[in-house]
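Peer 1: give me coordinates for this.
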Amino acid sequence: MKKIKRIGVLTGGGDAPGLNAVIRAVVKSAFNRNWEVIGIREGFEGLLNISKAKKITTKDITGILNMGGTILGTTNRGNPFQHQVKVGNKVVVRDLSNIIVRNFRKLKLDALVAIGGDGSLGIAKGLKDKGIPIVGVPKTIDNDLKATVITFGYDTAVSTATDALDKLHSTAQSHKRVMVVEVMGRYAGWIALNSGVAGGADVILIPEIPFNLDKVCAKVKERYQTKRNFCIVVVAEGAKPVGGQRIVKATASASRVELLVGIGNMVAEEISKRTGKETRSMVLGHLQRGGNPTTFDRLVGTRFGTAAVRLIAEGKFGRMVCLRPPNIGSVPLEEAISQLNTVPLHSDVIQSGRELGICFGD
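Peer 2: Residues are numbered from 1 along each chain as shown. Modelled structure (predicted):
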């Protein structure tokens, strides 16, 4: 096996609390093996322009363990296999992955650590197929990667959403209002489900269970009829009514990813119209991506980062580190991106919610 001297690390896709904990763990673990670490700025986009690659020392990572965001910057627009290039007055899509391979070699890297969600890990798998020795680290606040029990960033996002629900209870009760809160999650309802149960929601709508607005409104009416004159409704951005479609604001042209927003407002308008109760809606949006990572996310991020370096030291490339309690393991990148981790309908959290009287719209 080739002796490792220099590795690269990048963060791709949406930011998540705990990214800096992973970067710190990678750099410190590599430093203790006498390896040099090159930080790639702005995800895979940075490998298309090697001026964005800079050496990272232990001095650069001092104090970043508890910081949100990523010191390397990130983007969800840097897919080298489908890169948008302006030719004259037109924008065309081209495969620039060979430039990534060429720049990887120019930087004299022996391996690359790619930290990201299913999109970034899909790119990592493509680069692995082109011969780049690469290791993936799972990052997504949606917790939608099946190959790992949990991803870092998720715990902080749920905590942020739960804290928001705690605060909304007092204003909802004061004004006798229905408060509808839209949270992230896209096609997986983990944030909505767990923050909703932990935050005392009365209605939780998730992508896995198409909802009936009549049943949602019946729950709202029941609250007021029993003199509990307010109601908290949590809606995942990817939730949809029975027989209906997800509400798509737009499709991001660069990443070709649907931008889901608006379902919370739609539900709020229908509740107001059908029940006559004063209703307000809010979208938590990117608040869920920010802030300091929780203890759990700092710890699992650190474990993931050190495990990624360990895989490189062992020559186990083309794999993603994963949490398989009680230990950190790894799976092939193909397996890592093969299946979404959605909420199972037999989940005991859903069962607990039903037994508490929470309405799931079905």
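Peer 1: secondary structure element for the closest residue in space to Gly329 that isn't next to it in sequence?
Peer 2: Nearest residue to Gly329, sequence neighbours excluded (Cβ to Cβ, 6 or more residues apart in numbering): Cys322, at 5.5 Å. Where C-beta positions appear, they are placed from N, C-alpha and C, glycine not excepted. Applying DSSP states H and E as the criterion places Cys322 in strand 319-324.
Peer 1: residues contacting the closest residue in space to Ser281 that isn't next to it in sequence?
Peer 2: Excluding the flanking residues, the one nearest Ser281 by Cβ to Cβ, 6+ apart is Ala268, at 3.6 Å. By Cβ atoms under 8 Å, 6 or more residues apart in numbering, the contact list for Ala268 reads Val178, Val180, Val233, Thr279, Arg280, Ser281.
Peer 1: out of those residues, what pair is the most spread apart?
Peer 2: Val233 and Arg280 (10.4 Å; Cβ to Cβ).
Peer 1: quick check: neighbours shared by those two?
Peer 2: Val178, Met179, Val180, Ala268.
Peer 1: closest one of those to Asn98?
Peer 2: Relative to Asn98, the closest of these is Val180; by Cβ to Cβ it sits at 48.2 Å.
Peer 1: what's the neighbour count on that closest one?
Peer 2: By the other Cβ atoms under 10 Å criterion, the neighbourhood of Val180 contains 29 residues.
Peer 1: who's it bridged to?
Peer 2: Val233, Ser281 (DSSP bridges).
Peer 1: still on that earlier bit, more neighbours: Val233 and Arg280, which one.
Peer 2: Val233 (27 against 15).
Peer 1: contacting residues for that one?
Peer 2: 178-181, 201-205, 216, 220, 267-268, 271.
Peer 1: which stretches of the stretch 151-300 of the chain form helices?
Peer 2: Here the stretch 151-300 of the chain has its helices, by DSSP state H, counting those that start in this stretch, at 154-175, 190-198, 213-225, 263-275, 295-313.
Peer 1: nearest to Asp110 among those would be which one?
Peer 2: Here helix 295-313 is closest among those (Cβ to Cβ), at 7.9 Å.
Peer 1: if I pick the spatially closest residue to Asn66 that is not a sequence neighbour, what's in contact with it?
Peer 2: Nearest residue to Asn66, sequence neighbours excluded (Cβ to Cβ, 6+ apart): Asn292, at 5.1 Å. Residues in contact with Asn292 (Cβ under 8 Å, 6+ apart) are Pro17, Asn66, Met67, Gly68, Thr156.
Peer 1: rebuild the residues you listed as TSV, extending it with secondary structure, distance to Thr162 and neighbour count.
Peer 2: Conversion of these to TSV gives the following (DSSP: H, G, I helix; E, B strand; the rest coil; distance: Cβ to Cβ, whole Å; neighbours: other Cβ atoms under 10 Å):
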residue	secondary structure	distance to Thr162	neighbour count
Pro17	coil	14	31
Asn66	coil	20	12
Met67	coil	21	17
Gly68	coil	17	19
Thr156	helix	11	25
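Peer 1: max pairwise distance over those residues: which two?
Peer 2: Across the contacts of Asn292, the longest distance by Cβ to Cβ is 12.0 Å; it joins Met67 and Thr156.
Peer 1: counting neighbours, what do you get for Leu165?
Peer 2: 21.
Peer 1: could you find the closest non-adjacent residue to it?
Peer 2: Gly199 (3.0 Å).
Peer 1: what's the burial count for that neighbour?
Peer 2: That count, for Gly199 with other Cβ under 10 Å as the rule, works out to 21.
Peer 1: quick one: Val321 and Thr306 touch, right?
Peer 2: No: with contact defined as Cβ atoms under 8 Å, Val321 does not reach Thr306; the gap is 9.1 Å.
Peer 1: which one's more surrounded, the two?
Peer 2: A direct count of neighbours by other Cβ under 10 Å for Val321 and Thr306 places Val321 higher, at 27 against 19.
Peer 1: and the gap between the residue nearest to Ser281 and Asp362?
Peer 2: 19 Å (Cβ to Cβ, to the nearest Å).
Peer 1: repeat that for Arg33.
Peer 2: According to Cβ to Cβ, Arg33 stands 53 Å off from Asp362.
Peer 1: kindly report the same for Lys55.
Peer 2: Here Lys55 is placed at a distance of 54 Å from Asp362 (Cβ to Cβ).
Peer 1: between the two, who's got more neighbours?
Peer 2: Between Lys55 and Asp362, counted using other Cβ under 10 Å, Asp362 has the larger neighbour count: 13 against 10.
Peer 1: and the pLDDT at Ser253?
Peer 2: For Ser253, the pLDDT comes out at 47.
Peer 1: do the same with Arg186
Peer 2: Each residue has a pLDDT score; the one for Arg186 is 85.
Peer 1: give me the phi and psi for it.
Peer 2: Main-chain torsions, Arg186, degrees, to the nearest 10: phi 50, psi -110.
Peer 1: and it, how many neighbours?
Peer 2: 19.
Peer 1: per-domain residue ranges of this protein.
Peer 2: As assigned by automatic domain parsing, the chain contains the domains 6-152+293-336, 158-289.
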